[in-house]
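Asker: just the structure for this:
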Amino acid sequence: MHNLEVSQTVPRGVTPLASQPPAAGISGPRQLLFAAAVGIIVINLFATQTLIGPISAALGLSQRQIGLIAMLPQLGYAAGLILLVPLADLIENRLLIVRLLTGCAVALATAMLAPSGWVFLLAIFLAGAASSAIQMMVPLAALMASEAHRGRVVGNVMSGLMLGILLSRPLSNLLLDSGGWRVLYGVLAASVALVAVTLNRTLPLRRPAAGLSYPALIGSLWCLVRSQPVLRQRASTAALCMATFSAFWTAIALRLAQQPFHMSQRQIAVFALAGAAGAVIAPLAGRAGDRGWTRPATVLSHLCMIVALLLAGVAGAGWGGFAAAAHPSLALGLLVLAAVGLDAGITGDQTLGRRAINMLPPELRGRLNGLFVGIFFIGGACGAAGAALAWVAGGWSAVCLFAIGLAAVALAAHAITAFRS
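Answerer: Here you go, the predicted structure:
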């Protein structure tokens, strides 16, 4: 058996939780299983981003409430990451993951059958919270990997996660076009239930030592935030990047439905599918981290996002005097390129951040991952809500300016941190 060394001392006020040592490595098929599972689970967090119009119309939600459709799954996920993921340092992990996924499937089935808007909103919030099981699986995969290849393994699993995020939009639009949004939630409920059954048979056991009570675990989170500078730095920039990502994808369907594009839900699904090409960056980013290139790769990721959003402003808002109506095909091509570039940038940032977090003390990994991803999903929820407000205030141009501002702050924050260290 291969034992991981704790690279940093445990912070004051935090009692370490022992975990089973990992095997010498994690096999390719098992990495594929982890990647596929997290990719399927994460779909429900983003599936509604391009469906806010049809769902709000069907359930009678007001214009002020439609932002909740895209916001609540991510807000629920953030709550689960902070309140549920720390349980991975207390409860046997396979049992915990399977139970959460069972609850997620039930919540998604409730959303499918929801008779009113408020029942639907509560169901998607709870499904988002239960989906936090993802962040118990990613550190479990990292724990099973040898230290020399941990970045690669995290990158491979993250590629499944990012593909799930990026494919959620085309899948949701295709199902909407085929049978409606309730069919989408029925498919999601069945898929997550199948994942729960599969993982119950295949996940390894991980029994952390019961060194802390649940209240003590939650209380230790603030100690971790204060004592782990890597967590603070990577989580803050990740939150800004996730807000940028959510802002773009929350509003892009509204822009594509307008002139000169006049795209249908099926056509918007194909557009979103093109953006999924950005997920190929995940393994490359993981390897860049393994080679010690985390800082330049992070800067490149942020610059990629900013350039992509500038292209989106040119193509969709006429920046620089570009006339989309005169060149609709070119405008659409630029928007596709912007989507790919933005998704590549966010994938690179998230993969590098996740690798940095998984190099911190392994006995704290459940709580560290919960905090890291919880913080950046709060950013995602705020980005979705901000995009809705920006759209009402100034259309696509305001959305692009809002997103560029977020990405620029992320780049500046990373540069300041790098300069100080």
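
Asker: who's in contact with residue 321?
Answerer: For residue 321, the contact set (CB atoms under 8 Å, 6 or more residues apart in numbering) is empty. For every residue, glycine as well, the C-beta is placed using N, CA and C.

Asker: low pLDDT regions in the stretch 201-350 of the chain?
Answerer: 209-211, 275-276, 278-279, 282 (pLDDT under 70).

Asker: show me where it has helices.
Answerer: In the stretch 201-350 of the chain, the helices defined using DSSP state H, counting those that start in this stretch lie at 214-227, 229-256, 265-275, 281-290, 294-317, 328-357.

Asker: any chance of CSV for the ones you listed, columns distance to residue 37?
Answerer: Formatted as CSV, the helices of the stretch 201-350 of the chain follow (distance: least, CB to CB, whole Å):
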stretch, distance to residue 37
helix 214-227, 25
helix 229-256, 21
helix 265-275, 21
helix 281-290, 16
helix 294-317, 25
helix 328-357, 16
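
Asker: and these: which comes nearest residue 420?
Answerer: helix 229-256 (9.9 Å; CB to CB).

Asker: for that closest one, name the packing helices and strands.
Answerer: helix 52-59, helix 66-83, helix 150-179, helix 214-227, helix 265-275, helix 294-317, helix 328-357, helix 365-420 (3 or more CB pairs under 8 Å, 6 or more residues apart in numbering; DSSP states H and E).

Asker: switch to 7 Å and redo it
Answerer: helix 214-227, helix 265-275, helix 294-317, helix 328-357, helix 365-420 (3 or more CB pairs under 7 Å, 6 or more residues apart in numbering; DSSP states H and E).

Asker: now those in a markdown table, with distance to residue 92 and mean neighbour count?
Answerer: Below are the helices and strands packed on helix 229-256 laid out as a markdown table (distance: least, CB to CB, whole Å; neighbours: other CB atoms under 10 Å):
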| stretch | distance to residue 92 | mean neighbour count |
| --- | --- | --- |
| helix 214-227 | 15 | 16 |
| helix 265-275 | 38 | 20 |
| helix 294-317 | 33 | 22 |
| helix 328-357 | 22 | 24 |
| helix 365-420 | 12 | 22 |
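
Asker: can you tell which of those is closest to residue 244?
Answerer: Of the helices and strands packed on helix 229-256, nearest to residue 244 by CB to CB is helix 365-420, at 4.4 Å.

Asker: what about that closest one, average pLDDT?
Answerer: For helix 365-420, the mean per-residue pLDDT is 87.

Asker: run the chain-centre distance for stretch 215-229.
Answerer: 22 Å (CA atoms, centre = their mean, to the nearest Å).

Asker: do stretch 326-339 as well
Answerer: Using CA atoms, centre = their mean, the offset of stretch 326-339 from its chain centre is 26 Å.

Asker: give me the residues contacting it.
Answerer: 260-261, 271, 274-275, 308-309, 311-312, 314-316, 324 (CB atoms under 7 Å, 6 or more residues apart in numbering).

Asker: looking at these, which is nearest residue 214?
Answerer: residue 275 (39.4 Å).

Asker: what is the neighbour count of the residue nearest to residue 161 when sequence neighbours are not counted?
Answerer: Distances taken as CB to CB, 6 or more residues apart in numbering put residue 38 closest to residue 161, at 4.6 Å, once the chain neighbours are dropped. By other CB atoms under 10 Å, 26 other residues sit near residue 38.

Asker: give the contact list for residue 38.
Answerer: Residues in contact with residue 38 (CB under 7 Å, 6+ apart) are 134, 137-138, 157, 160-161, 164.

Asker: again, but for residue 74
Answerer: 45, 128, 377, 380-381, 384 are the contacts of residue 74 under CB under 7 Å, 6+ apart.

Asker: and those residues, which two are furthest apart?
Answerer: The distance between the two most remote of the contacts of residue 74 (CB to CB) is 12.2 Å, for 128 and 384.

Asker: most distant residue from the middle of the chain?
Answerer: Most distant from the centre of the chain: residue 326, at 36.3 Å, with distances by CA atoms, centre = their mean.

Asker: need phi/psi at it.
Answerer: Main-chain dihedrals, residue 326, degrees, to the nearest 10: phi -80, psi -20.

Asker: now do residue 322
Answerer: phi -70, psi 140.

Asker: hmm, back to that, tell me the one of the contacts of residue 74 nearest residue 70?
Answerer: For the contacts of residue 74, the nearest to residue 70 is residue 384 (4.2 Å; CB to CB).

Asker: mind listing what the closest one touches?
Answerer: With CB under 7 Å, 6+ apart, residue 384 has these contacts: 67, 70-71, 74, 246, 250.

Asker: narrow those to just the buried residues.
Answerer: When these are checked for burial by 16 or more other CB atoms under 10 Å, the buried set is 67, 70-71, 74, 246, 250.

Asker: pretty sure residue 176 contacts residue 53?
Answerer: No. Using CB atoms under 7 Å as the test, residue 176 is too far from residue 53 to be in contact (10.0 Å).

Asker: so which of those two has more stuff around it?
Answerer: Taking other CB under 10 Å, residue 176 and residue 53 do not tie; residue 176 has more neighbours (23 against 15).

Asker: OK, contacts around residue 134?
Answerer: So residue 134 contacts 38, 41-42, 161 (CB under 7 Å, 6+ apart).
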